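In: With the input below, show me the fold.
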Amino acid sequence: MKHYLILIFCLHVGFLFSQEEEEDREQTIAEANQFVATGNKVLTKDGNFPKAEGEYRKAIAKNPVDPTAKYNLANAYYTSEKYDEATQRYTEATKIATTKAEKHKAFHNQGNTHMEQKKYKEAIEAYKNALRNNPKDNETRYNLALAKKMLEEQEKQNDQNKDDQGDQDQDKDQNQDNKDQKEGDDKEKKKGDEGDKEQDPKDGDQEDKGDQGEDPKDEGDKEKDDQGQPKDDEGDKEQDQKEGEGKPQDQQSQPQQVQGQLSPQQVKSLLEAMNNEEKKVQDKINAKKAQGSKVKTDKDW
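Out: Presented below is the predicted three-dimensional model:
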């Protein structure tokens, strides 16, 4: 009998504890829902996002397994254009949601958040997950088609940008090559101008020498003539002498007499005349010596 009484007492105590836990859980859910309701009210009526965020956080802390507070907080972030925070809270809501309806809503709004960020691949995946939980939602289906179209245009734009960038890089390389070529041509031209400047003084010297008749090449030819070849004038003189040989004396060319000087022929005639005169005087002296008388000779100079 005692054993039965003990068993009945234990069952009663366990029931009481279970009832208290259930009451505590219901009270926790009620409080969490109250925080959510307050957050919704201050956000929609007053537009007070900071206060609403605080109320949602209190609800999450009170009942972490309830997706409602996380879902509503994600919506508040989305409305405030805090898309990274919204994505995080939508992801948390999808993980703890227990019904397909809750999952569908969380994935749908998550897709909308990705669309705002132009993350079209992520948006497509989110909309597909939403349709897996509610295939009849035409709004989600429309958003999925739009995301696919936007992704296609984005990829085309990216390809166009790559082509444009490639063209710009090619133009840049071409401009650099043209610049390098121009610099090289300028350097070559500068070198050519410097070479011409260095050549000009020499050309001037040669022109001066040409004006003076002192071309180095002509000097070399002149030296060659002096050393090994007779000059034209000397050759002409030798030719004249050869032509004069074998001709009568009176036909040979006579040197021109310079005014005020005696010609060789005149000098010879004068010497002969002086010799004849001196011979005459000597004959007279000899004749007087033969007679024994002394005479004085007069000097005619």
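In: what number of residues lie near Leu151?
Out: If you count neighbours by other C-beta atoms under 10 Å, Leu151 ends up with 16. Every C-beta, even on glycine, is put in place using the N, C-alpha and C of the backbone.
In: Hmm, it is touching Lys121, no?
Out: Yes. Counting by C-beta atoms under 8 Å, Leu151 does reach Lys121; the two are 6.3 Å apart.
In: Please enumerate the shared neighbours of these two.
Out: When contacts are counted by C-beta atoms under 8 Å, 6 or more residues apart in numbering, Leu151 and Lys121 have no shared neighbour.
In: Which pLDDT value belongs to Asp24?
Out: Looking at Asp24, its pLDDT stands at 85.
In: what's the burial count for it?
Out: 10.
In: got it, and Gln34?
Out: Gln34 has 14 neighbouring residues, counting by other C-beta under 10 Å.
In: Residue numbering should commence at 108 henceforth.
Out: Will do, 108 is the new start, and the previous item becomes Gln141.
In: Show the subsequent helix or strand relative to whichever strand or helix holds it.
Out: Element membership for Gln141, per DSSP states H and E: helix 109-148. Using DSSP H and E, the helix or strand that follows helix 109-148 towards the C-terminus is helix 156-169.
In: and that next one, what does it pack onto?
Out: helix 109-148, helix 174-186 (3 or more C-beta pairs under 8 Å, 6 or more residues apart in numbering; DSSP states H and E).
In: Look up how far His215 lies from Asn236.
Out: 9 Å (C-beta to C-beta, to the nearest Å).
In: I meant to write Glu130 there.
Out: Separation of Glu130 from His215 (C-beta to C-beta) stands at 36 Å.
In: same question, Ala200
Out: 11 Å.
In: Who has more neighbours out of these two?
Out: A direct count of neighbours by other C-beta under 10 Å for Ala200 and His215 places Ala200 higher, at 26 against 22.
In: Need the pLDDT of that one.
Out: Ala200 is given a pLDDT of 96.
In: any idea which element it lies in?
Out: Using DSSP H and E, Ala200 sits within helix 190-203.
In: Tell me which residues of that helix come out buried.
Out: Neighbour counts over helix 190-203 (16 or more other C-beta atoms under 10 Å) mark Tyr190, Glu192, Ala193, Thr194, Gln195, Arg196, Tyr197, Glu199, Ala200, Thr201, Ile203 as buried.
In: Tell me the first helix or strand C-terminal of that helix.
Out: Assigned by DSSP H and E, the successor of helix 190-203 is helix 207-223.
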